[in-house]
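K.L.:
Could you work out the structure for the sequence below:
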Amino acid sequence: MSAQVDLSTTLGNAWFPSPLFTASGCASSGKELAQFFPLKDIGAVVTKSVMNKPRHGRPTPRMAETPSGMLNSIGLQGPGIDAFLANDVPWLLAQGSRVIVSIAGETVDEYSVLARKIRSTPGISAVEVNISCPNVENRGLVFATDCDTSARVVEGVRKVIGGEIPILAKLTPDVTNIADVARSVVNAGADGVALINTVLGMVINLDTMKPHLGGKTGGLSGPAIRPIAVRAIYQVHEALPDLPILGMGGVSSGRDALEMILAGASGVSIGTASFGNPTAIISIQDQLCDLLAQRGFTSLKQAVGYAHR
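P.N.:
You can find the predicted model right below:
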């Protein structure tokens, strides 16, 4: 790195040498990105959200390009937790990577089952609890749109996983007051929050005159959602200034990352930018280092939440 800045950060009791992480779902379990740079050179790999059983995902088409972004409707396709813990996690740890496992469920109990399996797997730095999923026990409403169900999921995971592994609750921006949801998951035992998940969107195909995506709606990511993410981070940091925040949503440069850090993020995940440039996260890390030094910061921690001063 070109400037002498301490980029290390902490999320709960987990330490990371860099604040730059992959975004869940944008690097699978890291094997593709490992062709371009050593995974140990970034803060951590946040894995694709894994569920208890193997899952095929939603019907095609699953992607659509949009102005300054993209919609995805993958539907959490994956191998299931058992195969994932047996194959993907050991491979990541062998690369010297730090690993944050993202979990998703359709019921409160499914999250607890996943947590129990993770607890018995050594080497995992933290767990991201993706509560931006439909709750099949409550008319398919997304867990994270309701303070009570969000808290129940996190409480269940905390009870099972114990106090050693940090829990990051991943929140949706599709709510009236995101600080209220953050407060409810913290009271239930979360050590931090991941902000933001994708924004719900839709594209209509003008030839068929019907929704383009097989699942009709999809998650909007990319630069189009960055101001929404910065606003959410700022609001949550303002309400809970000591809460670690992993920021994400359309970051494609060091300047974008610094914006989130100044708003209150202790770490930043890179997702959509990696599709166009697999080494984007390394460039962003170097740029961030220079930008912090130019502004007189000698450590990342000095800059976290600086916009609130």
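
K.L.:
Return the residue of the protein that is most distant from the centre.
P.N.:
Distance to the chain centre peaks in the chain at D207, reaching 34.8 Å (criterion: Cα atoms, centre = their mean).

K.L.:
Quick check: the gap between it and G222.
P.N.:
24 Å (Cβ to Cβ, to the nearest Å). (Each C-beta comes from the backbone N, C-alpha and C, glycine too.)

K.L.:
all helices of the protein, in order?
P.N.:
Using DSSP state H, the helices of the chain run over 81-83, 89-94, 108-119, 147-161, 178-187, 226-239, 254-263, 272-276, 280-294, 300-303.

K.L.:
Dump those helices into a markdown table; add distance to L33 and mean pLDDT as well.
P.N.:
Below are the helices of the chain laid out as a markdown table (distance: least, Cβ to Cβ, whole Å; pLDDT from 0 to 100):
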| stretch | distance to L33 | mean pLDDT |
| --- | --- | --- |
| helix 81-83 | 20 | 96 |
| helix 89-94 | 11 | 97 |
| helix 108-119 | 22 | 96 |
| helix 147-161 | 27 | 97 |
| helix 178-187 | 29 | 98 |
| helix 226-239 | 21 | 98 |
| helix 254-263 | 17 | 98 |
| helix 272-276 | 7 | 92 |
| helix 280-294 | 8 | 98 |
| helix 300-303 | 22 | 98 |
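
K.L.:
can I get those helices in JSON lines with distance to D6 and mean neighbour count?
P.N.:
JSON lines is the format used below for these (distance: least, Cβ to Cβ, whole Å; neighbours: other Cβ atoms under 10 Å):
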{"stretch": "helix 81-83", "distance to D6": "35", "mean neighbour count": "16"}
{"stretch": "helix 89-94", "distance to D6": "25", "mean neighbour count": "16"}
{"stretch": "helix 108-119", "distance to D6": "30", "mean neighbour count": "20"}
{"stretch": "helix 147-161", "distance to D6": "30", "mean neighbour count": "21"}
{"stretch": "helix 178-187", "distance to D6": "27", "mean neighbour count": "21"}
{"stretch": "helix 226-239", "distance to D6": "21", "mean neighbour count": "21"}
{"stretch": "helix 254-263", "distance to D6": "13", "mean neighbour count": "23"}
{"stretch": "helix 272-276", "distance to D6": "24", "mean neighbour count": "18"}
{"stretch": "helix 280-294", "distance to D6": "9", "mean neighbour count": "20"}
{"stretch": "helix 300-303", "distance to D6": "7", "mean neighbour count": "18"}
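
K.L.:
Would you mind giving the ones you listed as JSON lines with distance to L168 added?
P.N.:
Compiled in JSON lines, those are given as follows (distance: least, Cβ to Cβ, whole Å):
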{"stretch": "helix 81-83", "distance to L168": "18"}
{"stretch": "helix 89-94", "distance to L168": "17"}
{"stretch": "helix 108-119", "distance to L168": "13"}
{"stretch": "helix 147-161", "distance to L168": "10"}
{"stretch": "helix 178-187", "distance to L168": "9"}
{"stretch": "helix 226-239", "distance to L168": "12"}
{"stretch": "helix 254-263", "distance to L168": "15"}
{"stretch": "helix 272-276", "distance to L168": "20"}
{"stretch": "helix 280-294", "distance to L168": "18"}
{"stretch": "helix 300-303", "distance to L168": "18"}
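
K.L.:
right, so of the ones you listed, which gets closest to G69?
P.N.:
Across these, G69 has its closest neighbour in helix 272-276 (7.0 Å, Cβ to Cβ).

K.L.:
helices or strands up against the closest one?
P.N.:
strand 69-72, helix 280-294 (3 or more Cβ pairs under 8 Å, 6 or more residues apart in numbering; DSSP states H and E).

K.L.:
Repeat the analysis, applying 7 Å as the threshold.
P.N.:
helix 280-294 (3 or more Cβ pairs under 7 Å, 6 or more residues apart in numbering; DSSP states H and E).

K.L.:
which strand residues sit across from W15 in the sheet?
P.N.:
T10 (DSSP bridges).

K.L.:
neighbouring contacts of stretch 60-67?
P.N.:
M70, L71, N72, S73, I74, V203, H212, L213, G214, G218, L220, A224 (Cβ atoms under 7 Å, 6 or more residues apart in numbering).

K.L.:
In the residues you listed, which residue is surrounded by the most others?
P.N.:
Among the contacts of stretch 60-67, G218 has the most neighbours (other Cβ atoms under 10 Å), with 28 neighbours.
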